[in-house]
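**Student:** using only what follows, build the 3D model:
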Amino acid sequence: MQIYKLQEAFHCDPKTIWGLETEPTRWCTWQNGVSTCVVRNDAPFKKGQSLLFMPFGQTTPIEMRITAVVPFESFTCQAPVAYGTLRITHSISHDTNSCLLTHLIEFEPNNVNNCNIYHTNSIIMGLINDAAQNMQ
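**Tutor:** Predicted coordinates for the structure are as follows:
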């Protein structure tokens, strides 16, 4: 399994970050690498909801499913991608002065030769680079 972790501190109310993170249709307004994200059936943000996420430079959307939600603390999305499974956990921790936003990106390859996962790795690295740029 490959694991990447990005963190950034913000001086704001955790509800502000939660509001941005849980409106997938607006991700493209603040994430440079996101072309579009559509919530299936216009359903509310909750466990089991399906999202169609289109990274820039890709021709096929990635269907992500929300697999866990702890309101105002964290949520996890999971998607089958080429040669494995992509899992992204968004979490918010806070104290009286700041919030810490963490994106934990995990890729679990299927039983294939590592040379065959180049395409999936390029998608993951694009997501990581984009998240890192947006957190600066």
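**Student:** against residue 61, how distant is residue 55?
**Tutor:** Going from residue 55 to residue 61 by Cβ to Cβ, to the nearest Å gives 9 Å. (Glycine included, C-beta is placed from N, CA and C.)
**Student:** make that residue 103, sorry
**Tutor:** Taking Cβ to Cβ, one finds residue 103 at 20 Å from residue 61.
**Student:** same check, this time on residue 8
**Tutor:** 27 Å.
**Student:** span of stretch 87-102 from start to end?
**Tutor:** One end of stretch 87-102 to the other measures 13 Å (Cα to Cα, to the nearest Å).
**Student:** then stretch 66-78?
**Tutor:** Stretch 66-78 has its terminal residues 6 Å apart, counting by Cα to Cα.
**Student:** which of residue 103 and residue 61 has more neighbours?
**Tutor:** Between residue 103 and residue 61, residue 103 has the larger neighbour count (other Cβ atoms under 10 Å), namely 20 against 16.
**Student:** which residues does that one contact?
**Tutor:** Shown in contact with residue 103 (Cβ atoms under 8 Å, 6 or more residues apart in numbering): 5, 6, 7, 88, 89, 90, 131.
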